[in-house]
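> just to be clear, the model below is a prediction. Sequence and coordinates:
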Amino acid sequence: MFTPRFQAVYIVGTLLAFSVVALLTRAGRRPIAAAVCSVAVFTALSTPIDAFGRVMGLWTYPSGEPTLVVYVGQSLEYVGCLTLVGWRVHRRFGRRGIVVAACLTCVLGAARDFVFAAVRPDVLHVGPLPWSLLGDVAAWAVVALVALSGSVLSRRAEPRASR
């Protein structure tokens, strides 16, 4: 599954998606820098989260463990893009918007993983319910925490408009 060709296509695709989201959100230097920092933080957390899930029997990757390139791509795709969208949400809706975005991330992320595991059991296998679901929601909560804290911090770093 994680062939060199797949990794190259995946990282280019996620960089493209990140760039499109940056353009659509009209993010400046600070939100993009916050997103890149959030990507770096979550990339460092990805391997321990997956190792914990594997050891606890919550999920496994039958086709082989993801590589660093795949972890960076996933971080760009989910954490980087969510940081940029969260920056916009925080500007428009404040803290309530961030809370809603965090809840949606956990619910939709877990739903995505379980649907993917049902469609491609050769790539992702989930363990017994309810523990695998709770573990997956907790993993997505880490995604939301890293991404949305980056978006909130980038918003606070913006200079105030002169009056």
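Noted; the coordinates are in hand.
> quick one: low-confidence parts of the chain?
Counting by pLDDT under 70, the ranges of the chain that qualify are 1, 155-163.
> mind telling me what element Arg112 is part of?
Assigned by DSSP states H and E, Arg112 belongs to helix 81-119.
> so after that helix, what's the next helix or strand?
From helix 81-119, the next helix or strand downstream (DSSP H and E) is strand 125-126.
> roughly how far does the residue lying closest to Gln74 once chain neighbours are set aside sit from Cys37?
Among residues not flanking Gln74 along the chain, Ser46 sits closest, at 6.8 Å (C-beta to C-beta, 6 or more residues apart in numbering). To be clear about C-beta, it is placed using only N, CA and C from the backbone, and glycine gets the same treatment. From Ser46 across to Cys37, the span is 15 Å (C-beta to C-beta, to the nearest Å).
> what about these two, which has more around it?
The residue with more neighbours, out of Ser46 and Cys37, is Ser46; 21 against 17, by other C-beta atoms under 10 Å.
> name the element the more buried one belongs to?
Ser46 belongs to helix 29-55, assigned by DSSP H and E.
> tilt between that helix and helix 81-119?
Angle, helix 29-55 to helix 81-119, by axes from the mean of the first three to the mean of the last three C-alpha atoms, to 10 degrees: 30 degrees.
> what pairs with the helix or strand that comes right after helix 29-55, parallel or antiparallel?
Later in the chain than helix 29-55, the nearest helix or strand by DSSP H and E is strand 59-60. Using DSSP bridges, strand 59-60 pairs in its sheet with strand 125-126 (antiparallel).
> ok, Asp122 touching Pro62?
Yes - assessed by C-beta atoms under 8 Å, Asp122 is found in contact with Pro62 at 5.8 Å.
> coming back round to it: give the buried residues for the helix holding Ser46.
30-32, 34-39, 41-43, 45-46, 49-50, 53 (16 or more other C-beta atoms under 10 Å).
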